[in-house]
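Peer 1: Quick one, what's the 3D model for this:
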Amino acid sequence: AVARCLTRCKSLPKAAAGCLVQRTRRVCKLLAMLRLLPKPQNTHSNWMRSALARTSLLGLARSMATAPRKRVAAMEVNLAMNLEDAKRYGLEGGFQHAGSSCGRHVEKLYVEGQLQGSLERAATALFDGTVKHALVVSGFYVLHDQLEGATGSCETDGPPGALAVVRALCARGVQTSLYCDAHNGPVLRAGFDAMVAYYATTRPAVADRLRSRCRCVDVPDGVDHLEALKGALEKAWEAAGEVDALVAVERLSEPYRNIRGNDLAAHTEPVDVLWPHVDGSSCGDARRKAGIREDAVSVGIGDGGNEVGLGRVAQLDAVASLSPGEDFCALGVNGALRACDHPLVATVSNWGGSALEAAAHALFPTALDDLEEGVERAVLEAICAAGSVDGKYVERPLSVDGMAWEPVHREFYEMLLGLAKCDS
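Peer 2: Alright, predicted model coming up:
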């Protein structure tokens with residue numbers, strides 16, 4: 001009977017069937033237990049029993065499908081807003097360290113960009129079973145003098161979030177290529193190795209899946225970048241399917257200017273040309289040259305507006321004057337020029353990547369999902385050891401975007417994973 005009701009719910013995505021079957025089994029067990037209960041002896045119990053009897057299976061099926069979507073919507077609000085922000089804009093939720101708490105106007109980018117529902121749309125595009133081979137790109141170069149013989153290194157925001165997306169893709173059998181360029185690649189590879197080592201001791205099956213479904217694709221510097229990328233993809237895989245999805249997590253976009261307006265073009269390989277330009281010009285030639293399908297779905301995650309994928313948000317007149325403060329430039333100066341199909345804003349870009357993984361678990365669960373904060377800390381420790389720095393305080397250890405792991409990031413992951421795993 002439940003199966004018949006589910007077939008009548010035309011709005012339910014087919015890929016949610018596995019999740020619904022699991023939930024239906026739990027409900028059936030509960031109903032079986034109710035039949036064994038003694039006959040109620042009071043009016044209140046009689047009323048509850050009668051109410052249960054009147055509940056339609058169709059309504060039950062719809063509620064089971066809606067609950068995960070509500071949790072994903074809550075994740076999305078918590079990415080961009082604190083409690084006061086959410087209340088101001090008439091939304092429910094909020095995370096205490098998010099949104100205006102950081103002073104970077106993420107909540108305004110979310111509202112002005114009309115991004116409500118963006119997390120569910122991005123998760124569906126990536127994890128509904130359509131995508132076969134994804135290229136995941138991250139790495140934002142920070143200029144500093146903390147490392148001898150180097151002009152800077154990769155920021156701590158980006159690689160952990162990108163690796164969360166990698167986990168979610170690999171858990172669903174998607175062939176995944178992790179882009180490793182000359183400037184940021186060593187940090188990304190260190191994070192990937194730490195992630196695999198972590199699961200090798202906790203869940204070997206997850207580690208095996210990561211090894212078999214993901215490759216760190218090393219793209220050399222000083223050559224035609226797109227041709228080099230195509231060659232690196234072919235070298236990494238014996239039988240590489242054509243890339244049909246592009247995901248950028250905290251990757252600097254053209255015009256390649258950081259939060260202070262400094263030009264970082266010399267430290268940023270132009271992989272962003274694979275994402276569409278805000279002026280509407282085609283990126284088809286670039287994609288063909290790199291071995292990417294012309295119709296590849298694209299996702300971009302950022303926290304300031306100068307990241308790959310946020311072009312259509314950053315170029316809005318309503319946000320052009322936004323700036324984090326006197327020492328920083330406005331979006332009219334450094335706003336991204338590369339857009340995407342599914343933009344996602346977050347107070348910290350790492351959080352956006354982890355939210356995609358959590359949304360995948362809520363909407364399209366699989367046995368190889370393994371959501372826990374332990375791997376997040378292990379990855380952060382590894383990339384810091386490899387030279388990655390906080391973009392705001394380069395000397396601060398285990399810190400991302402000026403916020404320390406304890407308590408800020410730990411509390412965020414606890415909140416996020418709680419929403420992902422909730423069965424209610």
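Peer 1: only C-alpha atoms for contact and neighbour calcs from this point on.
Peer 2: Fine.
Peer 1: Give me the nearest residue to the most centrally placed residue in the chain, chain neighbours excluded.
Peer 2: Closest to where the C-alpha atoms of the chain average out (C-alpha atoms, centre = their mean) is residue 353, at 2.3 Å. What sits nearest to residue 353 in space, not counting adjacent residues and going by C-alpha to C-alpha, 6 or more residues apart in numbering, is residue 161, at 4.1 Å.
Peer 1: got the contact list for the helix or strand where that neighbour lies?
Peer 2: Assessed by DSSP states H and E, residue 161 sits inside helix 159-171. With contacts defined as C-alpha atoms under 8 Å, 6 or more residues apart in numbering, helix 159-171 is touched by 126-127, 134, 136-139, 175-176, 178, 187-188, 191-192, 206, 209-210, 213-214, 248-249, 349-354, 356-357, 360-361, 366-369, 376, 379-380.
Peer 1: Filter the residues you listed down to just the ones in strands.
Peer 2: 134, 136, 137, 138, 175, 176, 178, 214, 248, 249 (DSSP state E).
Peer 1: The residue nearest to residue 353: neighbouring residues, count only.
Peer 2: Close neighbours of residue 161, defined as other C-alpha atoms under 10 Å, add up to 28.
Peer 1: Run through the strands of the stretch 1-150 of the chain in chain order.
Peer 2: Along the stretch 1-150 of the chain, the stretches classed as strands by DSSP state E, counting those that start in this stretch are 133-138, 141-143.
Peer 1: Given the longest one, what are its sheet partners and their directions?
Peer 2: In other words, strand 133-138. Each strand that pairs with strand 133-138, with its direction, by DSSP bridges: strand 175-180 (parallel), strand 243-249 (parallel).
Peer 1: So what's the model's average confidence on the first one?
Peer 2: By that I understand strand 175-180. Mean per-residue pLDDT for strand 175-180: 98.
Peer 1: Stretch 79-94 too?
Peer 2: 97.
Peer 1: So which bits of that stretch are buried?
Peer 2: With burial defined by 16 or more other C-alpha atoms under 10 Å, the residues of stretch 79-94 counted as buried are 79, 80, 81, 82, 83, 84, 85, 86, 93, 94.
Peer 1: gap between the fourth one and residue 312?
Peer 2: Put plainly, it is residue 82. Residue 82 sits 24 Å away from residue 312, going by C-alpha to C-alpha, to the nearest Å.
Peer 1: Give me the sheet partners of the lengthiest strand in the chain and which way each runs.
Peer 2: Using DSSP E to assign secondary structure, the strand with the most residues in the chain is strand 292-302. Using DSSP bridges, the strands paired with strand 292-302 in its sheet are strand 243-249 (parallel), strand 342-345 (parallel).
Peer 1: for this protein, what are the low-confidence residue spans?
Peer 2: 1-66, 423-424 (pLDDT under 70).
Peer 1: Between strand 175-180 and the helix holding residue 161, find me the angle.
Peer 2: 160 degrees (axes from the mean of the first three to the mean of the last three C-alpha atoms, to 10 degrees).
Peer 1: okay, helix 159-171 in CSV with CA atoms only?
Peer 2: Written as CSV, here are the backbone C-alpha positions of helix 159-171 (Å, rounded to 0.1, in the frame of the first residue of the first chain):
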residue,chain,number,x,y,z
PRO,A,159,40.6,22.0,0.3
PRO,A,160,38.6,20.5,3.2
GLY,A,161,35.3,21.5,1.5
ALA,A,162,36.5,20.1,-1.8
LEU,A,163,37.4,16.8,-0.2
ALA,A,164,34.0,16.6,1.4
VAL,A,165,32.5,16.8,-2.1
VAL,A,166,35.0,14.2,-3.3
ARG,A,167,33.8,11.8,-0.5
ALA,A,168,30.1,12.3,-1.4
LEU,A,169,30.8,11.7,-5.1
CYS,A,170,33.0,8.6,-4.6
ALA,A,171,30.5,7.1,-2.1
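Peer 1: before we move on, the earlier item: show me which of the contacts of helix 159-171 are buried.
Peer 2: Applying 16+ other C-alpha under 10 Å to those flags 126-127, 134, 136-139, 175-176, 178, 187-188, 191-192, 206, 209-210, 213-214, 248-249, 349-354, 356-357, 360-361, 368-369, 376, 379-380 as buried.
Peer 1: so how far is residue 150 from residue 339?
Peer 2: Residue 339 is 31 Å from residue 150, by C-alpha to C-alpha.
Peer 1: okay, the two: which has more neighbours?
Peer 2: residue 339 (28 against 10).
Peer 1: Who are the contact partners of the more buried one?
Peer 2: 275, 276, 277, 278, 300, 308, 309, 310, 311, 312.
Peer 1: For it, give me phi and psi.
Peer 2: Dihedral pair for residue 339: phi -110, psi -170, per degrees, to the nearest 10.
Peer 1: re the thing from before, which among the strands paired with strand 292-302 is found nearest to residue 224?
Peer 2: Smallest distance to residue 224 across the strands paired with strand 292-302 (C-alpha to C-alpha): 19.0 Å, for strand 243-249.
Peer 1: outside of that closest one, which residues touch it?
Peer 2: 126, 131-139, 158-159, 161-162, 275, 291-293, 295-302, 307-309, 349-350, 353.
Peer 1: before we move on, what about stretch 346-358?
Peer 2: 75-76, 79-81, 98-99, 102, 106, 119, 122-123, 157-165, 167-168, 249-250, 301-303, 344-345, 371, 400-401, 412, 416-417, 420.
Peer 1: which of these count as buried?
Peer 2: Neighbour-count burial (16+ other C-alpha under 10 Å) is assigned, among the contacts of stretch 346-358, to 75-76, 79-81, 98-99, 102, 106, 119, 122-123, 157-165, 167-168, 249-250, 301-303, 344-345, 371, 400-401, 412, 416-417, 420.
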